[in-house]
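Visitor: pasting the sequence and the predicted coordinates here, then a few questions.
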Amino acid sequence: MKPLAAALILCAASALALPDPRFDDQSDKTPLVRKDAPPAAAPVEMDPRMWVEVEAPGKAERQAAVDAGISLEELAPGMAAGFAAPRALARAKAAGLKIRSVVTLRQRFGSLDFPEKDALYHNDQELKAEMLSLAARAPDLVSMFSIGKSTLGKDLWAVRLTRGAAGDQPSAKPGIVFLGAHHAREHLSTEVPLLLAKYLVDNRDQPEIARLLESRDIYFIPMVNPDGVEYDVEGGRYHMHRKNMAKNGDGSTGVDLNRNYSWGWGGGGASLDPDDDTYRGPSPFSEPESRAVKTFVEGRPNLKVLLSYHTFSELILYPWGGSDDPIPDAKALAAFKAMAGEMARMTGYTPEQSSALYIATGDTCDWAWGKKGIFSFTFELTPKSMWNGGFYPGANAIQTTFQANIRPALYLIDLADDPRRAATQTKVFAAAPASKSQGETIP
Ligand code: 0X9
Ligand code: ZN
């Protein structure tokens, strides 16, 4: 995939201070280009400036464009182009300049994308395209909709797999939701739910899968934090970014979405300092992304199970995460432990109460269990440690991690009718048919 051309913007901006041969045809020495043109340090996606092309048969038009506040960067016969903030664009129009085209900096300078070696990972647009193609492939089974907008206005896409209900239509069938990428740099946590959705569609005629698609209401929201993901890969290199892209009062960026849910919000393991990676946000559900998940869940009382994918460490975590106390409902605890244990056997991951990792308040699963009684798990996917790739384990990790996670996903989908039965039932959902997805087989 294409590397981001943000470097081009920086080059263009730094070139502003130098005499520029593009403007040699000027008769006077008045500089055509504003010396105070804004630097392009902000992420391209957040940059409100546009790339504007105006008709400019002669110097008068170029000058009018510059006087309007456009910083001209490119000249060709009859046209001039450059950066324009929204007010500069309005002034250029008011001055009577003919505007040929207006595009965002992202459109002009290329997409924000993964480094070439990790091109198999999906950015926001590629994810959307995959979901659309799934929905087109099996319209009787798959629907796609947005659960809300991100801080920067991107749609938060959900794909729904069930027979007999689409989009927002309510369903009485037991429901389950798989979430990914609360944390920007945890890219495998998007790939796994996306590939699981594809897997179910590819194998929809296998009797056991067909039964689940008939009897369950299954949702995948693979990228809860698209702004953060996009920033994390900006420039074709990784930024180790965790939070969303909210602008904080102190000038820092981002709220930790997995500290922003209301259950136990403001307690331990969540920072008050906006600059910290674990900043909890100014108030519970202050962020549009966590609010969208809340609204999504609250609108679907049929949801019985939730799995929030994260990376990394190979863990299967269950509530509480905000306290070392066990959840008070002993029967539910027995079910949680049985489920986590079973899925640990399937994956080789380690099962434990979330707080055993560390106490952290305001996470998704404490809220979903504490407030809604939804059996909720956090999976910390591969790798096991920083030494095996940490947040960036490479493209080869996608298939192996997905494969390892098929059986736990089918098991949870099956149990959604009555998760408590896991405590007493030893027979687990076993029939994982040979996968047609990308020619792989089930482990
Ligand atoms: O800290 C987190 O949000 C999760 N780990 S991660 O490395 N993906 O950031 C773990 C959340 C587990 N929940 C609690 N301990 N409350
Ligand atoms: Zn995480």
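Guide: Sure thing, it's come through. Numbering: from 1, shown residues only. Ligands and ions are numbered 1, 2, ... in the order given.

Visitor: any idea how far S354 is from the residue of the chain at minimum distance from ligand 1?
Guide: For the chain and ligand 1, the shortest gap (CB to the nearest ligand atom) falls at G321, measuring 2.1 Å. In short, each C-beta sits where N, CA and C put it, glycine included. Look at G321 and S354: by CB to CB, to the nearest Å, they are 3 Å apart.

Visitor: same thing with D418?
Guide: 23 Å.

Visitor: next one: M346
Guide: Noted for M346: a distance of 19 Å to S354, by CB to CB.

Visitor: show me where the protein has its strands.
Guide: For the chain, the strands defined by DSSP state E cover 50-55, 71-76, 79-84, 99-104, 142-149, 155-161, 175-179, 217-221, 303-311, 315-318, 350-353, 375-381.

Visitor: ok so, going back, pretty sure the residue of the chain closest to ligand 1 sits against W367.
Guide: No: with contacts counted by CB atoms under 8 Å, G321 stays clear of W367, the gap being 10.0 Å.

Visitor: near ligand 2, which residues of the stretch 101-250 of the chain are found?
Guide: By CB under 5 Å from the ion, the residues of the stretch 101-250 of the chain that approach ligand 2 are 183, 186.

Visitor: residue in the stretch 101-250 of the chain with the shortest distance to ligand 2?
Guide: For the stretch 101-250 of the chain and ligand 2, the shortest gap (CB to the ion) falls at H183, measuring 3.5 Å.

Visitor: more neighbours: M346 and S354, which one.
Guide: S354 (25 against 20; other CB atoms under 10 Å).

Visitor: for that one, give me its contacts.
Guide: 317-321, 360, 363, 365-366, 378 (CB atoms under 8 Å, 6 or more residues apart in numbering).

Visitor: got a markdown table for those, with distance to P284 too?
Guide: Compiled in a markdown table, these are given as follows (distance: CB to CB, whole Å):
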| residue | distance to P284 |
| --- | --- |
| L317 | 21 |
| Y318 | 22 |
| P319 | 17 |
| W320 | 16 |
| G321 | 15 |
| A360 | 14 |
| D363 | 12 |
| C365 | 15 |
| D366 | 12 |
| T378 | 19 |
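
Visitor: for those, pick the one with the most neighbours.
Guide: D363 (30 neighbours).

Visitor: what does this structure have sitting close to ligand 1?
Guide: Residues of the chain found near ligand 1 (CB under 6 Å from any ligand atom) are 183, 186, 258, 310, 317, 321-322, 354-355, 357-358, 360, 363, 378, 380.

Visitor: picking that back up, what's near enough to touch the residue found closest to the residue of the stretch 101-250 of the chain closest to ligand 2 once you drop the neighbours it is linked to in the chain?
Guide: The shortest distance from H183 to any non-neighbouring residue, by CB to CB, 6 or more residues apart in numbering, is to R242 (5.0 Å). For R242, the contacting residues are 183-185, 228, 254, 256, 277, by CB under 8 Å, 6+ apart.
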